[in-house]
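Visitor: sharing a model that was predicted from the sequence below.
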Amino acid sequence: MTISRRNFLKLSAAACATPAVSACSGHRTILKDGVPRSAFNAKSTAEEVTVGLDLTGKVALVTGCTSGIGFETMRVLAMRGAKVIGTSRSLEKATAAVSRVDGATLPLQLELSDFESVVNCAESVRSLHSSLDMLICNAGFLGGSGQRSLVNGVEKHFVVNHLGHFVIVNRLLDCLSGARQGRVVVVASGMAYSDAPASGIQFDDLTLAQGYRDRRAYAHSKLANVLFSLELSRRLRGSRVTSNSLHPGMINTEIDRHMSGFMQFGFRLFAGVFGKTIEEGAATNCFVATSPLLNTTNGKYFENCNAVSITGNHHMQDESMAARLWQVSEDLTKDFLVAHNLPELQSIAHFGRH
């Protein structure tokens, strides 16, 4: 393949915008004080971070289970003894994925852009009459056409990556509260600080009509993931449920499937040089979901299996923006939410309208 100078520069810029090449972005990660530190790093794998854990009797739900770090997360949790519910947009694909896993698994259909589908998936989980120990919001959409798409008047990345997960967490929160220590794990991205709009969530332009780019839209939705987890963690204080977000690293997965062939080539080239393997990419998912070190850790952001703070200008810890995002998200999904009045969830009783 011949790469023109212009396209090479575009790829170089894309690489610099990726958190794995932090020197280009002006941000640095610093280990977070007050959070237990692990001995793991960027090269640790999902199997390595779960060595010695017995997850027998625990139930996990992993959205986006058919490939990449979602599949590896499901595989490793099942290998450690957990019953894992794996979701995909297609029940056929979810079924094929879980059939390749040794252990107790259950496939379910979940189309995050269709809130009726989200409700139906949640009701299928509830019909199991089981507590839920881990809800890993892993599924993600990254466009590649450069053309903006809307779902019910809202930009598609924001709907799929944020609002769909907002609804399923709401619908399953009482199942999480029934666990000894339920965990919500939100798979975000370092692009939340490196590529999101400088002003943060675009509350006045959720269609992203101004200056649309696929990468910017994806980063915008990933910032929403981080802020959702932050506000959820605040509302969960005093309950048995925690919420944390993470960046899994730059990984060559099928999330680039909507890109052009040329951009896929460029992404995979840079992921191969600067990124992680799928086994390494799933490590932080599995660590945050299972580590006994994190039984009381709530509202933190993780990279490479450790909680970190990010230097520079960003909105990752903007509590007022997180609170506003919560209210806007409720308004956009109110017909699909339920209220929670359980004693252990009194602090989040307003998560839902009916």
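Guide: On my side now, so go ahead. Residues are numbered from 1 along each chain as shown.

Visitor: so which residue is dead centre in the chain?
Guide: In the chain, the centroid-proximal residue (Cα atoms, centre = their mean) is Val187; its distance is 2.1 Å.

Visitor: on the strand side of things, show who Gly86 bridges to.
Guide: Beta-bridge pairing of Gly86, defined through DSSP bridges, involves Val62, Pro107.

Visitor: circling back: next, the residue nearest to the centre of the chain: phi, psi?
Guide: phi -80, psi 110 (degrees, to the nearest 10).

Visitor: so what's it bridging to?
Guide: Leu246.

Visitor: ok, now which ones touch it?
Guide: For Val187, the contact set (Cβ atoms under 8 Å, 6 or more residues apart in numbering) comprises Ile69, Ile136, Cys137, Asn138, Gly140, Asn225, Ser245, Leu246, Pro248, Asn285. All C-beta atoms are positioned from the backbone trio N, CA, C, and that covers glycine.

Visitor: in those residues, which residue is surrounded by the most others?
Guide: Neighbour counts for those (other Cβ atoms under 10 Å) peak at Ile69, which has 31 neighbours.

Visitor: that one and Ile136 touch, don't they?
Guide: No - with contact defined as Cβ atoms under 8 Å, Ile69 does not reach Ile136; the gap is 9.8 Å.

Visitor: what's the overlap in contacts for those two?
Guide: Jointly contacting Ile69 and Ile136 under the rule Cβ under 8 Å, 6+ apart are Val187, Asn285.

Visitor: returning to that earlier point: and which of the contacts of Val187 is nearest Leu173?
Guide: Sorting the contacts of Val187 by distance to Leu173 puts Cys137 at the head of the list, at 12.7 Å, by Cβ to Cβ.

Visitor: not counting residues beside it along the chain, what's closest to the closest one?
Guide: His165 (4.2 Å; Cβ to Cβ, 6 or more residues apart in numbering).

Visitor: so that neighbour is in contact with Val186, correct?
Guide: Yes - at 7.0 Å, His165 and Val186 qualify as touching, with contact defined as Cβ under 8 Å.

Visitor: next, the buried residues of stretch 307-319.
Guide: Ala307, Val308, Ile310, His314, His315, Met316, Asp318 (16 or more other Cβ atoms under 10 Å).

Visitor: list the contacts for the third one?
Guide: The reference is to Ile310. Contacts of Ile310 by Cβ under 8 Å, 6+ apart are His27, Arg28, Thr29, Ile30, Tyr193, Tyr301, Met316.
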